[in-house]
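J.: Give me a model of this one.
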Amino acid sequence: MDSKDMEEFVANEHPVFMNQSPPHMSRPSVIINLTLGLLWFIVHLAINFFSLWSHLICNIEYYLISFGLFPKYRKFQLERLKYLAVVVDIREAKNVAKINQLLCWLSTIGVKYVCLYDIDGVLKKTFEPAMNGSRDVNSGNYLDVGANMKVLSCCQKEMTVEYISGLDGKEGIAKAANLLRSTYFNGDKDACGNDEIVFTEADMSSALKAIGCGGPEPDLLLVYGPARCHLGFPAWRLRYTEIMHMGPLDSMKYGAIVKAFYNFSKKYQNFGK
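T.: Below you'll find the predicted structure:
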């Protein structure tokens, strides 16, 4: 075959080769993949837009509540909120300015008893120097009233504050169990002389109080952080507690706290018999 015949052969075969689809992908499959990719992009965009819109609406509502433009949020009853607990994520517990601002807001609203918790005890270590001393009005004034509790004078109002950590959780229950065990083996058995170990809930509560890990059960628990959980807060103090996630501490808003208290005041809990 000479060069002229070779050129004619290549010219005749080239269009056929160019019109062929890759062996691993047909034209219908390409169309399906493009369609699915477009649908996924539209759904993802719609979800992001809805999330952004909801976040914007909530922020506007919080600002309006802060300025007192909603009458229903101006006056609500706090009789049911006798004890409040606040859980702070460990990554935000070192933000002392935000913690002081939060305590000042709670005192302004009218909260009397607050329990602050972080799993590593950063809050307890940070405010520990103020147990036996005092601070100015902006940072708070503390008087020692117990192992983990202080009286905070902030915004011209007094509020009892308790600081606990993860050591008051699992380690606390272990210490209480050891106390009950030592009490039993020291001869304090039941009146009938039975050797079987029987511990009641009241016994455990007394042991927890004896080692300093007891305390009242919060009516409401506010969680500040990315996780929607209590982050190790002592479970025996959460039997009837209402839990609300408040988002990051850095973006906390006064209106969000007021709305949370208002929603809690409207809830009904049926404890049964």
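
J.: Tell me, what's the model's pLDDT at Cys115?
T.: pLDDT recorded at Cys115 is 93.

J.: Which secondary structure element of this structure has the lowest mean pLDDT?
T.: Using mean pLDDT, DSSP states H and E, strand 142-144 stands out as the lowest-scoring helix or strand of the chain, at a mean of 38.

J.: I'd assumed Lys266 was in contact with Gln77.
T.: No. Using CB atoms under 8 Å, Gln77 is not in contact with Lys266; the gap is 9.9 Å. In this view, the C-beta of every residue, glycine as well, is placed from N, C-alpha and C.

J.: residue ranges for the strands of the stretch 101-250 of the chain, please.
T.: 113-117, 142-144, 149-154, 157-164, 220-224, 242-247 (DSSP state E, counting those that start in this stretch).

J.: Quick check: which of those strands is nearest to Pro234?
T.: strand 157-164 (7.2 Å; CB to CB).

J.: So what are the sheet partners of the closest one and their directions?
T.: strand 113-117 (parallel), strand 149-154 (antiparallel) (DSSP bridges).

J.: Help me confirm that His230 comes into contact with Leu238.
T.: Yes. Look at His230 against Leu238 with CB under 8 Å: they come within range, at 6.5 Å.

J.: okay, and the common contacts of the two?
T.: Common neighbours of His230 and Leu238 (criterion: CB atoms under 8 Å, 6 or more residues apart in numbering): Leu221.

J.: before we move on, back to that, adding distance to Pro71 as columns, could you present the strands of the stretch 101-250 of the chain in TSV?
T.: Shown next, in TSV, are the strands of the stretch 101-250 of the chain (distance: least, CB to CB, whole Å):
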stretch	distance to Pro71
strand 113-117	27
strand 142-144	36
strand 149-154	27
strand 157-164	24
strand 220-224	23
strand 242-247	23
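
J.: want to try CSV for those strands, with distance to Leu106 and mean neighbour count as columns?
T.: Shown next, in CSV, are the strands of the stretch 101-250 of the chain (distance: least, CB to CB, whole Å; neighbours: other CB atoms under 10 Å):
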stretch, distance to Leu106, mean neighbour count
strand 113-117, 6, 23
strand 142-144, 15, 17
strand 149-154, 9, 20
strand 157-164, 7, 20
strand 220-224, 9, 23
strand 242-247, 12, 16
